[in-house]
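Colleague: task: produce atomic coordinates for the following.
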Amino acid sequence: MSSVAGVPTELGTEKIGTLLRKFAVPGIIAQTASSLYNMVDSIFIGHIPDVGAYAISGLAVTFPLMNFSVALGALVGVGGLTMVSVLLGQKRNAAANNVLSNVLTLNALIGITFTVVSLIFLDPILRFFGASDATLPFARDYMRIILAGNVITHLYFGLNGIIRASGNPRTAMALTLFTVISNAILDPIFIFALGLGIKGAALATILCQLISLMYTLRFFSNPERVPHFPKHIFQIDWKIAKTSLSIGAGPCLMNSAACLVALFVNQQLAKYGGDLAIGAYGIGNRITFMFIMIVMGLTQGMQPIIGYNYGAKLYSRVRKVFVISCIWAIATTMLCFLVSEFIPGIAASLFTPDEHLRTLAANGLRLMNAGIGLVGFGMCCTILFQSIGMVKVSIFLSLVRQLIILVPLLYFLPLVMEEKGVWMSFPISDLASIVISAFFVIRLFAKLSKLGDGEDATVLGSRL
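Modeller: Here you go, the predicted structure:
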């Protein structure tokens, strides 16, 4: 494989299918592992004797708070890994070391601040997110431990991204797989054998992340590695911080939107359906999330290929990458649709033995994913525009599905349809966002079709 200025030229010459398999498979494995990581806790918590149905409902109440924590982590982590990748390509190793130090320090500061504030106001926050007298004790027990280890979580995920960006994707993937597998082993021991219940699930999660973080800190402490921790580990370069945070603002905004959606869904389900309706959404969300994460892994592989070929003015390859990626993505979300529509009860039974909760989850899953079959196309559209530098369009398309259409529907439909209106908001939002995404993509490729490979794409009004 040849390269120019550190960039592999195979991105512009290799067969598209081969490239996608090479770049997407590690991302798919890592993202699938992450989704399984979240599912493991839900599955074991849902099977706690006598209280599993309310325990998993309490866990679902915590989703908005955990999503917001992820958003804050993305604010630092995404910017950091992006800067490290660019600086290493420019052979600016010392600057990359400073970015690594910044990521460590900022994640620690933000993680500690988030922990302190959240623990002080934990009960009111959880009440606001939909907790009732029956579910609050479970949500509180879980989040007290998760928040106590929040700094560990922020540091682990932030530094893991930099391991991947520094050319060690297998190491990053291995650490992710370790946390998943070890968590699956420790969960039943802590929850059932030691009788810790939902607290055991939280302890297992933090302990597994701590072990991985200790290895990660040792990994970056090796002065022969690039990047590695500089002599003064805990330091902040405010110029680097400003650039890093500006890069991470987009992903942070998108994750914050997901937090807001989860919050509003919980509030509406608490109002129109009750505690177990929130638990049903938690189950449906976990099942759906697994398929969505697979598509996210695919789009991670698609992004550098599209970006390179667009920069190289190979527009025919851009179209081909997009089309093939869409086929794979739609196949994945269509599988989610089939599971949701034809075997929702079997899928829900993985999370709870409670017949009533299983029925609620199956009915909710069938309704909420009625329009998910083509969501893979919409996700590819969002990453397409991000890859060619049209970031505003990318953010808009992401927010259309998560926020602009969905939130108003979540408010107005239940006024007419009550609980069913909450579930029906999802497919309507999915289908509407797909139509809007298709409009932007058709317009983009209509302009690109007027250009031959090698011509300047200034007609798009955007440059990388």
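Colleague: how about low-confidence regions in the stretch 51-200 of the chain?
Modeller: Scanning the stretch 51-200 of the chain for pLDDT under 70 picks out the ranges 86, 89.
Colleague: kindly recompute the last result at 90.
Modeller: Residues of the stretch 51-200 of the chain that meet the criterion pLDDT under 90 lie in 51-52, 63, 66-96, 99, 157-158, 160-177, 180.
Colleague: swap in the stretch 251-400 of the chain?
Modeller: Where the stretch 251-400 of the chain drops to pLDDT under 90, the residues are 251-260, 293, 296-297, 299-318, 382-400.
Colleague: where along it do the strands fall?
Modeller: Here the stretch 251-400 of the chain has no strands by DSSP state E, counting those that start in this stretch.
Colleague: what are the ranges of the helices in the stretch 101-250 of the chain?
Modeller: 122-128, 136-148, 150-165, 169-188, 198-221, 238-272 (DSSP state H, counting those that start in this stretch).
Colleague: any idea which of those is most buried?
Modeller: Mean neighbour counts were compared across the helices of the stretch 101-250 of the chain using mean count of other C-beta atoms under 10 Å; the top stretch is helix 150-165, at a mean of 24. Placement of C-beta: from N, CA and C, glycine included.
Colleague: who are the packing partners of it?
Modeller: In terms of contact count using 3 or more C-beta pairs under 8 Å, 6 or more residues apart in numbering; DSSP states H and E, helix 150-165 is assigned the packing partners helix 63-89, helix 93-120, helix 169-188, helix 198-221.
Colleague: with respect to residue 264, which of the ones you listed lies nearest?
Modeller: Among the helices and strands packed on helix 150-165, helix 63-89 comes nearest to residue 264, with 8.7 Å by C-beta to C-beta.
Colleague: buried residues in that closest one?
Modeller: With burial defined by 16 or more other C-beta atoms under 10 Å, the residues of helix 63-89 counted as buried are 63-85, 87-88.
Colleague: pretty sure residue 49 sits in a helix.
Modeller: No. Assignment of residue 49 by DSSP: H, G, I helix; E, B strand; the rest coil gives coil, placing it outside any helix.
Colleague: what about it, distance to residue 133?
Modeller: According to C-beta to C-beta, to the nearest Å, residue 49 and residue 133 sit 21 Å apart.
Colleague: what's the answer for residue 93, then?
Modeller: Between residue 93 and residue 133 the distance, using C-beta to C-beta, works out to 56 Å.
Colleague: mind checking the backbone torsions on residue 62?
Modeller: Torsion angles at residue 62 (phi, psi; degrees, to the nearest 10) stand at phi -80, psi -10.
Colleague: what's the local residue count around it?
Modeller: Counted by other C-beta atoms under 10 Å, the residues lying close to residue 62 total 27.
Colleague: now do the contacts for it.
Modeller: The neighbourhood of residue 62, defined by C-beta atoms under 8 Å, 6 or more residues apart in numbering, consists of 126, 129, 139, 142, 143, 146.
Colleague: again, only using 6 Å
Modeller: Taking C-beta atoms under 6 Å, 6 or more residues apart in numbering as the contact definition, residue 62 lies against 139, 142, 143.
Colleague: excluding its backbone neighbours, what's nearest the first one?
Modeller: Put plainly, it is residue 139. Nearest-residue entry for residue 139: residue 58, 4.0 Å, with adjacent residues in sequence omitted and distances by C-beta to C-beta, 6 or more residues apart in numbering.
Colleague: returning to what we had before: could you save the helices of the stretch 101-250 of the chain as JSON lines and add columns showing distance to residue 431?
Modeller: JSON lines is the format used below for these (distance: least, C-beta to C-beta, whole Å):
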{"stretch": "helix 122-128", "distance to residue 431": "30"}
{"stretch": "helix 136-148", "distance to residue 431": "33"}
{"stretch": "helix 150-165", "distance to residue 431": "33"}
{"stretch": "helix 169-188", "distance to residue 431": "33"}
{"stretch": "helix 198-221", "distance to residue 431": "35"}
{"stretch": "helix 238-272", "distance to residue 431": "17"}
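Colleague: between those, which one is nearest to residue 363?
Modeller: Taking those one by one with C-beta to C-beta, helix 238-272 is closest: 12.7 Å.
Colleague: now for that closest one, which elements pack on it?
Modeller: Helices and strands in packing contact with helix 238-272 are listed as helix 63-89, helix 93-120, helix 275-311, helix 391-399, helix 406-417, helix 419-448; criterion 3 or more C-beta pairs under 6 Å, 6 or more residues apart in numbering; DSSP states H and E.
Colleague: so how far is the longest one off the chain centroid?
Modeller: Yep, that's helix 275-311 we're talking about. In terms of C-alpha atoms, centre = their mean, to the nearest Å, the gap separating the centre of helix 275-311 from the centre of its chain is 7 Å.
Colleague: gap between stretch 391-410 and the chain center?
Modeller: The gap between where stretch 391-410 is centred and where its chain is centred comes out at 16 Å by C-alpha atoms, centre = their mean.
Colleague: residues in contact with that stretch?
Modeller: Counting contacts by C-beta under 6 Å, 6+ apart, the residues touching stretch 391-410 from outside are 250, 254, 257-258, 261, 264, 268, 381-382, 385-386, 425, 428-429, 432-433, 436-437.
Colleague: how about a cut-off of 8 Å?
Modeller: Surrounding stretch 391-410, the residues in contact under the criterion C-beta under 8 Å, 6+ apart are 250, 253-254, 257-258, 260-261, 264-265, 268, 375, 378, 381-386, 421-422, 424-426, 428-430, 432-433, 436-437, 440.
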